[in-house]
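Quick one, structure for this:
(one chain, ligands or ions: 2)
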Amino acid sequence: MPSIHDPDDKGRHPLPLDHTRQNPRNPFNFVGTHKIHLELTQRCQAMCPMCDRCYGGMLNKHLSNADLPLDLIKQRIPHKFVSRLSSVLMCGNFGDPIFHPDLLGVVDHFASHGHGAQIRRVVTNGGYRDPSWWSDLAKTKTYVTFSIDGLEDTNHIYRKNVKWETVMRSATAFNMAGGKSKWVFLAFKHNEHQIEEARELSRRMGFEAFTVKKSARFVSPVNMNLKDFDEIQPPDNPKYRNEAVENFDPSQFEGKIRCRALNLDNMRGTIREKSRLGNNEIFISALGEVLPCCWLGSAMYKTWESPRENDVWRLIDKVGYENILLKNHSLKSIINGKFYEELGASWKIDPVKMCKFKCSEKFDGYGEQFK
Ligand code: SF4
Ligand code: SF4
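Ligands and ions are numbered 1, 2, ... in the order given. Here you go, the predicted model:
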């Protein structure tokens with residue numbers, strides 16, 4: 001678990017957790033929000049076949065290469081809010097954060113106003129930007145998770161269009177400049193034999209950690225017959241298979257909802273410890289939509305569905321799409337507002353499919369990825 005201490009921090013501390021709830025019908029609350037997940041862009045050079053950006057090898061028809069503007073971030077995520085954040089994750093559903101035109105500016109906004117123990121983390125394929133840019137990122141004390149699924153002869157089988165030389169050059173520059181990083185290796189049949197070799201390479205290259213990730217995406221809400229999936233198969237070795245996926249039964253989706261955005265000790269793989277600072281995480285998409293988690297953001301734009309077809313829109317349309325947009329409202333009024341209230345109420349009556357898929361207490365495909 002990375003711990004990034006800012007030597008310039010002169011004893012500033014995050015605000016204590018305030019359990020005050022503005023609305024007893026709303027399980028989320030602004031004052032309890034201490035973690036933020038940003039999807040900075042919808043851009044990426046890669047075509048990973050199980051990603052919502054390009055599921056099955058086809059570019060998602062709903063995307064527009066949107067970027068979350070730095071000006072909007074500065075305006076709507078003010079210093080006071082930044083100062084209490086324990087975690088800033090830059091990842092997302094549809095793009096790679098290193099393609100944001102001013103990622104260093106975004107990081108600087110959080111680094112300049114965050115407390116010393118704030119964890120800032122970028123998740124990337126690493127296949128873009130020159131070495132000096134990576135050195136500059138290292139100086140910001142931002143933790144980087146490089147998603148590298150194999151070695152020179154295999155990484156591109158899943159990370160299509162990602163050039164091995166560029167990834168190696170990026171990671172080397174970042175690590176050599178003192179950056180803290182982790183190599184996350186998504187295990188498949190075509191790369192499982194290289195796991196120990198990759199682990200050894202990660203040590204030689206100065207990565208702080210190496211993790212094998214067991215994909216949960218072999219269980220899908222749709223049954224699509226897509227050509228690219230022929231070559232993307234689960235590993236043979238049971239220790240690299242996702243146990244929840246192996247034992248999957250559709251009746252598990254009928255379990256009680258245990259919202260992970262409210263139970264962050266179980267979120268994000270590396271941030272496992274029970275948070276002392278607060279529970280709520282929020283997700284802000286490249287379009288500026290404010291949601292409890294990235295999964296609802298991905299549900300809104302499934303490539304195989306028509307616009308507004310997914311049942312999450314049932315709740316959004318009830319409160320009005322314009323009312324979950326950061327350009328129109330403050331974070332506080334969105335989180336304490338109607339959409340979050342409707343979502344919480346839906347869990348007891350008729351949860352949307354994505355909440356059942358990700359947070360039914362009987363199915364833990366997400367948590368099993370990192371075990
Ligand atoms: S690198 Fe990330 S954003 Fe880009 S296609 Fe792959 S999974 Fe999707
Ligand atoms: S999918 Fe639904 S239940 Fe799960 S974290 Fe997101 S909002 Fe909460």
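
Give me every residue in the stretch 51-200 of the chain lying close to ligand 1.
The stretch 51-200 of the chain comes close to ligand 1 at residues Cys51, Arg53, Cys54, Gly95, Asp96, Asn125, as judged by CB under 6 Å from any ligand atom. For every residue, glycine as well, the C-beta is placed using N, CA and C.

show me what contacts the nearest residue to the third one once chain neighbours are set aside?
Of all residues beyond its chain neighbours, the one nearest Cys54 is Met47 (4.5 Å), with distances taken as CB to CB, 6 or more residues apart in numbering. Contact criterion CB atoms under 8 Å, 6 or more residues apart in numbering gives Arg53, Cys54, Gly57, Leu59, Lys160, Asn161 as the residues in contact with Met47.

Same check on Arg121?
Pro2, Ser87, Val88, Leu89, Met90, Cys91, Thr142, Tyr143, Val144, Thr145, Thr270.

could you redo the last one with a cut-off of 7 Å?
Counting by CB atoms under 7 Å, 6 or more residues apart in numbering, Arg121 makes contact with Leu89, Met90, Thr142, Tyr143, Thr145.

Return the set of residues that bridge with the last one.
For Thr145, the beta-bridge partners are Val123, Lys182 (DSSP bridges).

mind listing the strands in the chain by residue range?
Here the chain has its strands, by DSSP state E, at 33-38, 87-90, 119-124, 143-147, 181-186, 209-213, 280-284, 290-291.

Between the contacts of Arg121, which sits nearest ligand 1?
Thr145 (11.1 Å; CB to the nearest ligand atom).

and that closest one, what pLDDT?
Thr145 carries a pLDDT value of 98.

hang on, it packs against Leu186?
No. With contact defined as CB atoms under 7 Å, Thr145 does not reach Leu186; the gap is 11.7 Å.

Ramachandran angles for the residue nearest to Leu186 when sequence neighbours are not counted?
In space, Leu186 comes closest to Asp149 once its chain neighbours are excluded; the distance is 4.3 Å by CB to CB, 6+ apart. Dihedral angles of Asp149 (phi, psi; degrees, to the nearest 10) stand at phi -100, psi 60.

Confirm for me that Asp149 is in contact with Val184.
No. Using CB under 7 Å, Asp149 is not in contact with Val184, being 8.4 Å away.

The two - which one has more neighbours?
Asp149 (25 against 20; other CB atoms under 10 Å).

ok, the more buried one - contacts?
Asn155, Tyr158, Arg159, Phe185, Leu186, Asn191.

With that, I have no additional questions.
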